[in-house]
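*Asks:* coordinates for the following, if possible.
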Amino acid sequence: MEEDILKPGERIDDLHRNNYKIIQNTNKFCFGMDAVLLSGFARVLQGERVLDLGTGTGIIPILLEAKTEGRHFTGLEIQEESADMARRSVALNKLEDKVDIVIGDIKEASSIFELASFDVVTSNPPYMNHNHGIVNPRESKAIARHEILCTLEDVIREAGKLLRPGGRFYLVHRPFRLVEIMNTLSTYKLEPKRMKLVYPYVDKEPNMVLLECIKGAKSMIKVEAPLIVYKEQGVYTDEIYEIYGY
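*Replies:* Got it, this is the predicted structure:
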């Protein structure tokens with residue numbers, strides 16, 4: 001039975017794609033809407049190889065395998081408990097031939113994998129640095145939310161090294177760090193080409209930004225139509241339902 005693979009505190013959630021499921025632990029860190037939106041924003045073409053930096057419990061590689069015709073998907077995760085849950089989720093969905101979970105440090109990703117060996121790199125990194133907010137006392141949640149084990153620059157630098165020329169980097173982050181994000185991307189020759197702002201409600205400020213960057217491209221960006229999450233309290237917009245697969 002599915003429940004036999006669970007450890008204390010864990011549960012199995014339905015991903016509403018290809019009957020796929022994912023193992024999570026509510027006492028640790030569960031994936032959020034940002035990871036799902038990134039999987040909907042990212043483009044993966046037939047036969048491409050994808051790397052997700054800081055994959056957590058493997059949500060982005062699993063969703064991208066369900067949504068695209070990519071050839072192979074790899075998730076890199078430093079926390080062994082999260083990587084273990086990700087590997088069991090891969091096995092639960094019988095994706096061992098398509099998805100690999102590797103334990104390792106984002107800061108050393110370019111020494112773990114061959115340089116310029118991926119067509120697509122994705123990341124839903126920690127949003128907050130030491131200047132932003134109170135660090136969660138639960139270590140796994142703190143690592144996921146605050147730049148404790150890696151910085152924004154670490155993520156962007158390693159993505160640039162691991163992408164082939166013309167490869168694509170997809171990032172979800174917070175708009176208040178957009179200037180820093182753009183400057184860092186430029187430093188590492190990852191040119192922003194598409195940007196989409198995510199608004200919780202039509203009359204509120206955006207709280208997420210989705211970016212597509214191309215390694216070595218010329219400067220020109222397309223700002224896409226905004227994504228609105230809720231029509232009203234507790235009711236998603238049609239676009240959100242479509243992204244989730246409901």
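*Asks:* remind me which residues of this protein are low pLDDT?
*Replies:* 1-3, 127-149 (pLDDT under 70).
*Asks:* what about the strands in it?
*Replies:* With DSSP state E, the ranges of strands along the chain come out as 10-14, 21-25, 49-53, 72-77, 99-103, 118-123, 163-173, 190-199, 208-215, 222-223, 227-228, 230-232, 235-236.
*Asks:* next, format those strands as a markdown table and append mean neighbour count.
*Replies:* For every residue, glycine as well, the C-beta is placed using N, CA and C. A markdown table is the format used below for the strands of the chain (neighbours: other Cβ atoms under 10 Å):
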| stretch | mean neighbour count |
| --- | --- |
| strand 10-14 | 14 |
| strand 21-25 | 21 |
| strand 49-53 | 26 |
| strand 72-77 | 24 |
| strand 99-103 | 20 |
| strand 118-123 | 25 |
| strand 163-173 | 22 |
| strand 190-199 | 20 |
| strand 208-215 | 22 |
| strand 222-223 | 10 |
| strand 227-228 | 20 |
| strand 230-232 | 12 |
| strand 235-236 | 14 |
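*Asks:* could those strands go into TSV alongside distance to residue 4?
*Replies:* Shown next, in TSV, are these (distance: least, Cβ to Cβ, whole Å):
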stretch	distance to residue 4
strand 10-14	11
strand 21-25	12
strand 49-53	27
strand 72-77	23
strand 99-103	20
strand 118-123	31
strand 163-173	34
strand 190-199	38
strand 208-215	37
strand 222-223	48
strand 227-228	39
strand 230-232	38
strand 235-236	34
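*Asks:* of all those, which lies closest to residue 38?
*Replies:* strand 163-173 (4.3 Å; Cβ to Cβ).
*Asks:* now for that closest one, which elements pack on it?
*Replies:* Judged by 3 or more Cβ pairs under 8 Å, 6 or more residues apart in numbering; DSSP states H and E, strand 163-173 is in contact with helix 33-41, strand 118-123, helix 152-162, helix 178-187, strand 208-215.
*Asks:* distance check, the nearest residue to residue 222 once chain neighbours are set aside against residue 214.
*Replies:* Leaving aside its chain neighbours, residue 222 sits nearest to residue 194 (5.2 Å; criterion: Cβ to Cβ, 6 or more residues apart in numbering). From residue 194 across to residue 214, the span is 9 Å (Cβ to Cβ, to the nearest Å).
*Asks:* same thing with residue 42?
*Replies:* Counting by Cβ to Cβ, the gap from residue 42 to residue 214 is 13 Å.
*Asks:* check residue 35 too.
*Replies:* 22 Å.
*Asks:* for residue 80, same thing?
*Replies:* With Cβ to Cβ as the criterion, residue 80 and residue 214 are 34 Å apart.
*Asks:* likewise residue 156?
*Replies:* Look at residue 156 and residue 214: by Cβ to Cβ, they are 13 Å apart.
*Asks:* give me the common contacts of these two.
*Replies:* 169, 190 (Cβ atoms under 8 Å, 6 or more residues apart in numbering).
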